[in-house]
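**Student:** Sequence first, predicted model second:
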Amino acid sequence: MAQDYTGGLKKSIASYLDWTTVFIAIMLIAFGLISIYSATYDSAMSSYFDRQLLSSGIGLVIMFVVMYIPERWLSSNSYLIYALCIGLLIAVLFIGIESHGTKGWIRLGSFTVQPSEVAKLGLIFAIAKYLSVKGNDIRTIRDVSIVIILTVIPFVLILRQPDMGSATVMLALLFGILFWSGFDLFILYFFVALPVIILMALKGNIYFISAVTMLSGISFLFRRKIVLTIIAISIFISVGSIAPVFYENLQTHQKARIETFLNPGSNPLGSGYNVMQSKLAIGSGGVYGKGFLKGTQTQLRYIPMQWTDFIYSVPNEEFGFIGGASIILLYLALIYRAIKIANEVESKFHSILAIGSASVFLYHFFINIGMTIGLIPVMGIPLPFMSSGGSSMILNLTLVGLLLNAYRNYKLNR
């Protein structure tokens with residue numbers, strides 16, 4: 001008697017698919033498409049919605065394909081993926097398309113590829129592969145040095161474009177993996193504290209002194225040798241003291257972004273314009289918002305290229321606090337799922353892939369939303385799944401595919 005395998009197949013797929021993560025990703029894509037449609041509605045830029053819709057479709061297909069790729073294949077080809085990404089970063093410096101002062105895109109027919117986005121994937125694979133090799137330990141000088149070198153190569157190449165925002169993602173990715181892998185917390189704290197010291201030094205002496213005092217006090221809580229603590233505090237003071245000198249040697253647009261962050265109202269019609277208009281749009285949305293396609297700042301195009309870096313202001317203006325808070329909760333849920341998967345899987349390779357993906361999502365989420373509300377300098381960091389950009393969308397859905405892959409293998413091996 002013939003057997004019907006259809007029911008078993010459906011059950012198998014349903015059992016090994018992380019429906020929660022898929023739902024979160026689709027909801028974020030939906031919010032993004034609605035926001036891009038509104039930001040470009042009845043304008044010459046309406047084609048951005050069509051492109052984002054196409055990129056979302058391609059990305060979802062890739063996501064499910066990645067979910068079923070064997071772990072052995074991913075692991076054995078990790079360094080090849082990394083090498084290809086480095087090759088693209090080198091190629092873009094010679095044949096790349098320049099936009100807004102950054103030579104960061106390669107044209108392939110009617111499509112463009114942003115190598116800095118793809119490089120995030122390559123770096124995650126390379127570090128995951130190296131640290132998952134038996135005998136390698138992030139707490140040794142040799143192994144941490146190799147991981148840092150793997151990170152510095154794409155970091156420097158991206159800086160050459162120049163694209164400071166995308167370059168910092170590489171560092172955030174590195175820090176997330178180092179933290180997860182058991183690297184020394186005091187050293188991580190030291191390097192995280194340095195940017196705070198620099199910014200406060202640029203803001204003024206009183207801020208600099210306050211920051212040094214607070215961060216020095218925290219340094220003692222780690223209970224390390226007094227000599228190491230004093231050295232760290234001395235470096236804080238030294239770096240903060242010379243920060244203004246380096247600031248004077250920055251390019252004009254880099255100075256403008258830092259000045260906008262430190263004092264958003266200093267140039268309301270210039271570098272601070274986008275931030276001020278974004279904050280106005282978010283604040284004017286109230287609790288429930290003005291309604292779809294009824295946002296004043298959005299529909300009157302007060303925020304230039306709102307469908308990219310400042311996309312978060314659209315749902316806040318049109319759907320209010322409820323819309324903005326819902327998006328934040330979705331991102332936090334996605335990051336939680338990634339960390340949960342990283343913690344549950346037995347494979348160290350899959351665990352680092354998952355925590356690397358979580359680090360990318362967390363950094364982009366934190367920086368982009370911080371930019372739109374004036375808490376973080378404008379760095380050109382897109383909001384995952386929502387900001388317009390084909391390379392970004394496909395990269396983010398590929399990362400989700402890696403999470404699904406890790407979850408599927410975890411379920412299969414139970």
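**Tutor:** Noted; the coordinates are in hand. Numbers count the residues shown, from 1 in each chain.
**Student:** What does G59 show for phi and psi?
**Tutor:** phi -60, psi -40 (degrees, to the nearest 10).
**Student:** Not counting its neighbours along the chain, what's nearest it?
**Tutor:** Nearest residue to G59 in three dimensions, chain neighbours excluded: L397, at 3.4 Å (C-beta to C-beta, 6 or more residues apart in numbering). (Each C-beta comes from the backbone N, C-alpha and C, glycine too.)
**Student:** For my notes, confirm that neighbour occurs in a strand.
**Tutor:** No: counting by DSSP: H, G, I helix; E, B strand; the rest coil, L397 is not found in a strand; it is helix.
**Student:** where does this structure have low pLDDT?
**Tutor:** Scanning the chain for pLDDT under 70 picks out 1-14, 253-254, 256-257, 260-271.
**Student:** repeat that with 50
**Tutor:** Low-confidence segments of the chain, defined by pLDDT under 50: 1-3, 5, 9.
**Student:** What is the neighbour count of S145?
**Tutor:** The local packing count at S145 equals 10, with neighbours defined by other C-beta atoms under 10 Å.
**Student:** just so I have it, where are all the strands in the stretch 301-414 of the chain?
**Tutor:** With DSSP state E, counting those that start in this stretch as the criterion, the stretch 301-414 of the chain has no strands.
**Student:** brain fart, the stretch 101-250 of the chain
**Tutor:** Listed in chain order, the strands of the stretch 101-250 of the chain (DSSP E, counting those that start in this stretch) span 102-108, 111-113.
**Student:** Could you spell out the sheet neighbours of the first one, each with its direction?
**Tutor:** Same thing as strand 102-108. When pairing is defined by DSSP bridges, strand 102-108 lines up against strand 97-99 (antiparallel), strand 111-113 (antiparallel).
**Student:** circling back: I'd like the strands of the stretch 101-250 of the chain laid out as JSON lines, including distance to S234 and mean neighbour count.
**Tutor:** Supplementary listing: the strands of the stretch 101-250 of the chain in JSON lines, determined by distance: least, C-beta to C-beta, whole Å; neighbours: other C-beta atoms under 10 Å:
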{"stretch": "strand 102-108", "distance to S234": "36", "mean neighbour count": "17"}
{"stretch": "strand 111-113", "distance to S234": "45", "mean neighbour count": "16"}
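**Student:** As TSV, those with distance to K203 would be great.
**Tutor:** Compiled in TSV, the strands of the stretch 101-250 of the chain are given as follows (distance: least, C-beta to C-beta, whole Å):
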stretch	distance to K203
strand 102-108	27
strand 111-113	38
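**Student:** Report the beta-bridge partners for R107.
**Tutor:** With DSSP bridges as the rule, R107 is bridged to T112.
**Student:** Distance-wise, check it relative to I231.
**Tutor:** Distance, R107 to I231, using C-beta to C-beta, to the nearest Å: 49 Å.
**Student:** before we move on, what about K411?
**Tutor:** 48 Å.
**Student:** before we move on, what about Q251?
**Tutor:** Distance of Q251 to I231, given as C-beta to C-beta: 32 Å.
**Student:** of these two, who's got more company?
**Tutor:** Legend: neighbour count by other C-beta under 10 Å for Q251 and I231, higher for I231 (13 against 10).
**Student:** if I look at that one, how far off is P115?
**Tutor:** Per C-beta to C-beta, I231 is found 38 Å from P115.
**Student:** re earlier: please produce CSV containing the strands paired with strand 102-108, extended by distance to I62.
**Tutor:** Below are the strands paired with strand 102-108 laid out as CSV (distance: least, C-beta to C-beta, whole Å):
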stretch, distance to I62
strand 97-99, 23
strand 111-113, 14
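**Student:** so which of the ones you listed comes closest to V378?
**Tutor:** Proximity to V378 (C-beta to C-beta) singles out strand 97-99 among the strands paired with strand 102-108, at 16.0 Å.
**Student:** gap between that closest one and the chain center?
**Tutor:** Relative to its parent chain, strand 97-99 has a centroid offset of 21 Å by C-alpha atoms, centre = their mean, to the nearest Å.
**Student:** buried ones in that strand?
**Tutor:** Judged by neighbour count (16 or more other C-beta atoms under 10 Å), strand 97-99 contains no buried residues.
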